[in-house]
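Sharing a model prediction with you, sequence too.
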Amino acid sequence: MAAEPTGAGPATFQARVLALVARIPPGRVMTYGQLALLAGAPGAARQAGQVLNGLMGHTELPWQRVINAQGRISTYKVGVGEVQEGLLRAEGVAFDDTGRCDLDTLQWWPEDAPDRAVPPAPLW
DNA sequence: TCCCTGACCGGCT
DNA sequence: CAGCCGGCCAGGG
């Protein structure tokens, strides 16, 4: 088999991203760059986005809980963004007038995240 | 095989 | 605060 670290979950980047998305609790969010980082590919935020691109409407994963580093919804297709925002609001996520939410309180990090330099993320 | 694009990101102007 | 730029990796023509 390939030289792959054990205990890190699925081997492929895509599978690891999906595994992370599946663990995001309701009312919390993760960013594309964060997913890429935790999936072992720092800087590959675009790839994370590309993975999720194929999911929309084809999965039961909480794809709506993934937003960009600005705290905004990144969908380029008209209508999809509205759906995503609606789903998130239904979970208790608040958006301001500029369509932005507070990552300081809503961004979620896995308990076993390698990087411990994580924001407080107080319970809401 | 080369070229281009893409649900992004951080830094700089 | 807004806009431009290079960098990342994968997939498609």
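Yep, it's here. Quick caveat: nothing in here was measured; it's all calculated off a predicted structure. Numbers count the residues shown, from 1 in each chain, chains lettered A, B, ... in the order given.

Flag every residue of chain A that's near DNA strand C.
Neighbours of DNA strand C within chain A, by CB under 7 Å from any atom of the strand: A:13-14, A:41, A:43-47, A:50. The way it works is simple: take the backbone N, C-alpha and C, and place the C-beta from them, glycine included.

could you redo the last one with a cut-off of 6 Å?
Residues of chain A found near DNA strand C (CB under 6 Å from any atom of the strand) are A:13, A:41, A:43-47.

got CSV for those residues, with neighbour count and distance to DNA strand B too?
Shown next, in CSV, are the residues of chain A next to DNA strand C (neighbours: other CB atoms under 10 Å; distance: CB to the nearest atom of the strand, whole Å):
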residue, neighbour count, distance to DNA strand B
A:F13, 17, 11
A:A41, 15, 11
A:G43, 9, 7
A:A44, 19, 8
A:A45, 18, 3
A:R46, 11, 4
A:Q47, 17, 6
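
Chain A: helices as residue ranges?
A:13-22, A:32-38, A:45-53, A:80-90, A:103-106 (DSSP state H).

Grab the nearest non-local neighbour of whichever residue of chain A sits closest to DNA strand C.
For chain A and DNA strand C, the shortest gap (CB to the nearest atom of the strand) falls at A:G43, measuring 3.6 Å. The spatial neighbour of A:G43 that comes closest, neighbours along the chain excluded (CB to CB, 6 or more residues apart in numbering), is A:A36 at 6.7 Å.

Out of the helices of chain A, which is the most enclosed?
Burial of the helices of chain A is given as mean neighbour count (mean count of other CB atoms under 10 Å); helix A:32-38 ranks first at a mean of 22.

which strands and helices sit next to that one?
Under the contact criterion of 3 or more CB pairs under 8 Å, 6 or more residues apart in numbering; DSSP states H and E, helix A:32-38 touches helix A:13-22, helix A:45-53, strand A:66-67.

rewinding a little: the residue nearest to A:G43 is in contact with A:V51, isn't it?
No. Here A:A36 does not reach A:V51: they are 9.5 Å apart, not a contact under CB atoms under 8 Å.

Find residues that contact each of the two.
A:V17 (CB atoms under 8 Å, 6 or more residues apart in numbering).

residues near A:Q107, how many?
If you count neighbours by other CB atoms under 10 Å, A:Q107 ends up with 20.

Before I go, just wanted to say thanks for your time.
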